[in-house]
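Student: Okay, structure incoming, though there's no sequence with it:
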């Protein structure tokens, strides 16, 4: 069980990224696997934001094109989307007691970390080093691992 972060999905979508081929192969393998893997709605919305942003994405997609990519992911039988439970506020409070310096852009990463903790998912596949700040997570760079 693992969460796939936005950056891995973006590499899989960006044919001009040096990481594209490795990320595309990984995403395709995860789509075919029987074991559960996860994203969050925040990760999917962030994918839409970056993939369609002309100053961020090399060749921005239309929102409809980016949504088609997401729909292809969501059609994978083993993919699940983590969402807030009735325990969410308590897990946020607990997380802030462990990582009190959260602010700014780290709030988004914390949201993903909290959802993972809520649902008992420890491993995140990402190239974002900010996830290392959350001691209850195991951070894996699947691109480096695949090379």
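Tutor: Received the coordinates, thanks. The structure displayed is predicted, hence computed values, not measured ones.
Student: where does residue 50 sit relative to residue 114, distance-wise?
Tutor: 21 Å (CB to CB, to the nearest Å). Any C-beta I mention is one placed from the backbone N, CA and C, and that applies to glycine too.
Student: Could you do residue 39 as well?
Tutor: 15 Å.
Student: and if you look at residue 104?
Tutor: Counting by CB to CB - residue 104 and residue 114 are separated by 16 Å.
Student: in the protein, which spans are strands?
Tutor: Assigned by DSSP state E, the chain shows strands spanning 2-4, 37-40, 79-82, 123-125, 138-140.
Student: the more surrounded of residue 50 and residue 114?
Tutor: Under the criterion of other CB atoms under 10 Å, the comparison of residue 50 against residue 114 puts residue 114 first, with 25 against 19.
Student: Report the separation between the residue of the chain most remote from its centre and residue 137.
Tutor: Computed with CA atoms, centre = their mean, the maximum C-alpha offset from the centroid of the chain is found at residue 97, amounting to 23.5 Å. Residue 97 is 16 Å from residue 137, where distance means CB to CB.
Student: How about residue 6?
Tutor: 16 Å.
Student: Low-confidence stretches in this structure?
Tutor: Across the chain, the ranges flagged by pLDDT under 70 are 147.
Student: If we use 90, what do you get?
Tutor: 56-59, 145-147 (pLDDT under 90).
Student: And the helices in it, which stretches?
Tutor: 6-13, 20-32, 41-51, 63-74, 88-98, 106-119, 142-146 (DSSP state H).
Student: for those, which one sits closest to residue 133?
Tutor: Residue 133 lies closest to helix 106-119 among the helices of the chain, at 7.1 Å (CB to CB).
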